[in-house]
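Trainee: sequence? don't have it. structure:
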Ligand SMILES: [Zn+2]
């Protein structure tokens, strides 16, 4: 959807962003306020709240060290919870939490590999501490995995996430990104390394990419 098309309440994305900023400018950090406009925006457009038809009833900016502020909504039965109004306008499709879930899913492989390689495979001198993805790098796998997710897969993953919880998020078993990652991981080249050798591997990869 282009930025010039109506997106919410007849406004374009750019207009919605301006409108929200205009509302937020009226309030100090920690000052509680309500706004039908913001409640509607989050209920209709927030990736999690829209699927569960959750409606925050009031809002506040929360102190953030440095510049800016956090934005939080008050949710009945749940209390205050940070909620991104920006994501209501520009949803992200490269979420770190998905990549973290993919990393968690291959962790058992990593643990087994490390137990089988107790000494650093690069220097052969000292105990290994990390397991490096030599080929392909994990980020490369994750990037290809994310590309396989359709809008429906995103919706299903988000629907099943527990937005309120701090527990690690787990992808549904039939998620294509998860399946791809587990399958690709069977053929990766791993190397158990000490910290110094891990950094050395990373440096070498970086310089070979810049050639
Ligand atoms: Zn080493």
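Mentor: Thanks, I have it. No experiment lies behind these values; they were computed from the predicted model shown.

Trainee: ok, longest helix in the protein?
Mentor: helix 96-116 (DSSP state H).

Trainee: give me the helices and strands touching it, please.
Mentor: Helices and strands touching helix 96-116, by 3 or more CB pairs under 8 Å, 6 or more residues apart in numbering; DSSP states H and E, are strand 130-135, helix 138-147, helix 176-185, strand 189-193. (C-beta placed from N, C-alpha, C; glycine too.)

Trainee: how about the ones you listed in JSON lines, adding distance to the ion, mean pLDDT and mean neighbour count?
Mentor: Below are these laid out as JSON lines (distance: least, CB to the ion, whole Å; pLDDT from 0 to 100; neighbours: other CB atoms under 10 Å):
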{"stretch": "strand 130-135", "distance to the ion": "10", "mean pLDDT": "93", "mean neighbour count": "18"}
{"stretch": "helix 138-147", "distance to the ion": "19", "mean pLDDT": "94", "mean neighbour count": "17"}
{"stretch": "helix 176-185", "distance to the ion": "23", "mean pLDDT": "96", "mean neighbour count": "18"}
{"stretch": "strand 189-193", "distance to the ion": "5", "mean pLDDT": "96", "mean neighbour count": "19"}
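
Trainee: what helix or strand is residue 59 on?
Mentor: Assigned by DSSP states H and E, residue 59 belongs to strand 58-63.
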